[in-house]
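Participant: Sequence plus predicted model, see below.
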Amino acid sequence: MGLILAIVGNAFGLWVTTQLVPGITFHGSLVTLLVAGALWGLFNLIVRPIAVILTWRAVRQCVVLRVCLSALWRVWISTWSVEHSRS
């Protein structure tokens, strides 16, 4: 059932793209659109894990940077609040 929903969802997304983006057109039947949706799903099935593997290091570094900046901000705001509460 999930596979059918993915194919129909991809086909719908392709159809919406043809309606909203100027210059992209589709002239064919519903079956052609469903086949295109299945091919798009297969492409995503292959490419997405490769992209995750290739970008894992950069994503990890961004998360570490965010955690460090968040910790620094919390230290700064707590220091500021203590200094201003003494006044």
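Facilitator: That came through fine. A quick note: this is a predicted structure, and the numbers were derived from the prediction, not measured.
Participant: Specify the local secondary structure of P22.
Facilitator: coil (DSSP: H, G, I helix; E, B strand; the rest coil).
Participant: That one: neighbour count?
Facilitator: 5 (other CB atoms under 10 Å). C-beta: built from backbone N, CA, C; applies to glycine.
Participant: If you count contacts, what does the longest helix seen in the chain end up packed against?
Facilitator: Determined from DSSP state H, the single longest helix within the chain is helix 30-85. When contacts are defined as 3 or more CB pairs under 8 Å, 6 or more residues apart in numbering; DSSP states H and E, helix 30-85 sits against helix 2-20.
Participant: so how far is the helix it packs on from its chain's centroid?
Facilitator: Taking CA atoms, centre = their mean, to the nearest Å, one finds helix 2-20 lying 17 Å from the centre of the chain it belongs to.
Participant: where does the protein have low pLDDT?
Facilitator: Within the chain, the stretches with pLDDT under 70 are 87.
Participant: switch the cut-off to 90
Facilitator: By pLDDT under 90, the low-scoring segments of the chain are 1-7, 24-28, 41, 44-45, 82-87.
Participant: Okay, the residue nearest in space to the middle of the chain and L42: tell me how far apart.
Facilitator: For the chain, R48 is the residue whose C-alpha lies nearest the centre (CA atoms, centre = their mean; 10.3 Å). Distance of R48 to L42, computed by CB to CB, to the nearest Å: 11 Å.
Participant: I am finished for the moment; much appreciated.
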